[in-house]
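Novice: Structure here, sequence nowhere to be found:
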């Protein structure tokens with residue numbers, strides 16, 4: 001059998017056609033890289049009993065790209081980042097709702113009416129004082145996952161009340 005460099009050179013046009021067939025519209029380099037890795041896996045695992053190599057390689061690359069697209073879509077759908085930008089956006093939305101006359105103290109007083117003292121303290125620890133979860137575990141006496149879940153529920157409630 002040929003070396004992988006020869007196989008890669010021979011099947012590079014197929015990589016581009018697989019990316020086009022999968023209708024990739026962003027991250028082209030990433031998906032070409034995934035297809036190249038899939039080609040390498042196909043080349044490494046190929047046995048003549050599978051039939052001709054070209055269709056086997058094509059199907060392996062296409063399946064890998066679809067799987068990666070599925071993972072990326074799942075991540076974008078379920079993993080929302082709650083960071084400084086999110087809170088800034090919420091503050092801007094609140095300011096727009098109040099006609100642009102909202103000050104920082106007004107925002108904090110509004111937040112204090114919505115959240116409890118401990119929840120406000122958690123927000124300040126995370127977003128103002130920038131503590132890491134590992135540092136907050138001792139303070140709150142719960143696990144990192146419990147802190148993250150508490151933060152997620154708190155941000156969700158703030159979005160519903162403010163947005």
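Specialist: Noted; the coordinates are in hand. Since this is a predicted model, take the numbers as computed values, not measurements.
Novice: mean confidence for the helix or strand where residue 156 lies?
Specialist: Per DSSP states H and E, residue 156 falls inside helix 144-162. Regarding helix 144-162, the rounded mean pLDDT is 90.
Novice: Packing partners of that helix?
Specialist: Judged by 3 or more CB pairs under 8 Å, 6 or more residues apart in numbering; DSSP states H and E, the packing partners of helix 144-162 are helix 84-97, helix 104-114, helix 117-123, helix 133-140. To be clear about C-beta, it is placed using only N, CA and C from the backbone, and glycine gets the same treatment.
Novice: Quick one: closest of those helices to residue 33.
Specialist: helix 84-97 (28.4 Å; CB to CB).
Novice: In the chain, where's the longest helix?
Specialist: Of all the segments of type helix in the chain, defined by DSSP state H, the longest one is helix 53-78.
Novice: Identify each buried residue in that one, please.
Specialist: 53, 56, 57, 58, 60, 61, 62, 64, 65, 68, 69 (16 or more other CB atoms under 10 Å).
Novice: quick check: mean pLDDT across it?
Specialist: 92.
Novice: which one is residue 28 nearest to, not counting chain neighbours?
Specialist: residue 19 (6.5 Å; CB to CB, 6 or more residues apart in numbering).
Novice: Distance of that neighbour relative to residue 131?
Specialist: Applying CB to CB, to the nearest Å, the value for residue 19 to residue 131 is 43 Å.
Novice: So between these two, which is more surrounded?
Specialist: residue 19 (20 against 14; other CB atoms under 10 Å).
Novice: Check the secondary structure at the more buried one for me.
Specialist: Assigned with DSSP: H, G, I helix; E, B strand; the rest coil, residue 19 falls in the helix class.
Novice: Please verify my assumption that it contacts residue 65.
Specialist: Yes - counting by CB atoms under 8 Å, residue 19 touches residue 65, with 6.8 Å between them.
Novice: shared neighbours of the two, anything?
Specialist: 31, 35 (CB atoms under 8 Å, 6 or more residues apart in numbering).
Novice: domains in this structure, as residue ranges please.
Specialist: Split into domains by automatic domain parsing, the chain comes to 4-78, 84-162.
Novice: can you give me the end-to-end distance of the last one?
Specialist: Just to be clear, that refers to domain 84-162. Across domain 84-162, the terminal residues are separated by 16 Å (CA to CA, to the nearest Å).
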